[in-house]
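**Student:** The following comprises the amino acid sequence and a computationally predicted model.
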Amino acid sequence: MALTESNMFPLGATAPSFTLPDVVSGKQVSLDELKSDTATVIMFICNHCPYVKHVQSQLVRLANDYSPKGVSFIAISSNDAMQYPEDGPDKMKQVAEEFQYPFPYLYDETQEVAKAYQAACTPDFYIFDSKLACVYRGQLDDSRPGNELPVTGSSIRAALDQILGNEPVTVQQKPSMGCNIKWR
């Protein structure tokens, strides 16, 4: 595991389009189908990373809190499943069902989507507005494994609250930090 920070995708940039398989439903789904007219949160996660495991329950709470308010959540795993079998589609489906993910968990086998989003680590978070312009990218909150801070999702929650209040996102945007994406 190499500790890696987000690349900080450019604010204002449009979300790159994609169509990927949802490991739970088995269906191909696209960003156009999954996006929201309010806000869309895209999360690059995986199964084996201790940084993702540290925040996993909060991701579920966050989506359960904000989906009823019109926010869409999409999780994507782009890790090389040949080298990291725990991050393969079958195991992804098991984790999604175990944690009752209230969002699709998509598999980016070619890693093209991660590259298009300049994703660098897991977890890596992006929020796009109703026009799919990036308004936030970075961390979930200040908690990391071992730093004893509670996992609250405060950074993402503050950005979503501003969007829902029709305010510009002014949250300090700190890079996310976690395991590097396992490139082929």
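**Tutor:** Done, it's in.

**Student:** Read off the pLDDT value for residue 146.
**Tutor:** Looking at residue 146, its pLDDT reads 89.

**Student:** Show me where this protein has its helices.
**Tutor:** Counting by DSSP state H, the chain has helices at residues 31-34, 50-66, 89-98, 112-116, 154-164.

**Student:** avg pLDDT for the first one?
**Tutor:** This predicted structure assigns helix 31-34 an average pLDDT of 98.

**Student:** ok so, going back, nearest to residue 127, out of the helices of the chain?
**Tutor:** Checking those against residue 127 by CB to CB gives helix 154-164 as the closest, at 5.5 Å. Just so you know, the C-beta spots here come from the backbone N, C-alpha and C atoms, and that holds for glycine as well.

**Student:** that older thread, dump the helices of the chain to a markdown table, plus distance to residue 4.
**Tutor:** Putting the helices of the chain into a markdown table (distance: least, CB to CB, whole Å) gives the following:
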| stretch | distance to residue 4 |
| --- | --- |
| helix 31-34 | 24 |
| helix 50-66 | 10 |
| helix 89-98 | 21 |
| helix 112-116 | 12 |
| helix 154-164 | 18 |
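
**Student:** Turn these into TSV, columns for distance to residue 148 and mean neighbour count.
**Tutor:** Converted to TSV, the helices of the chain look like this (distance: least, CB to CB, whole Å; neighbours: other CB atoms under 10 Å):
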stretch	distance to residue 148	mean neighbour count
helix 31-34	35	15
helix 50-66	12	19
helix 89-98	25	17
helix 112-116	31	17
helix 154-164	15	19
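
**Student:** To residue 135, which of those helices lies closest?
**Tutor:** Distance to residue 135, taken as CB to CB, is lowest for helix 154-164 among these, at 6.8 Å.

**Student:** Can you tell me the closest non-neighbouring residue to residue 138?
**Tutor:** Nearest non-adjacent residue to residue 138, counting by CB to CB, 6 or more residues apart in numbering: residue 173, 4.4 Å away.

**Student:** Contacts for the lowest-mean-pLDDT helix or strand in the chain, please.
**Tutor:** Ranking every helix and strand in the chain by mean pLDDT, DSSP states H and E puts strand 3-5 at the bottom, with a mean of 87. Outside strand 3-5, the residues that touch it by CB atoms under 8 Å, 6 or more residues apart in numbering are 120, 121, 175, 176, 177, 178, 179, 180, 181.

**Student:** partners of that strand in the sheet?
**Tutor:** Next to strand 3-5 in the sheet, as set by DSSP bridges, lie strand 177-180 (antiparallel).
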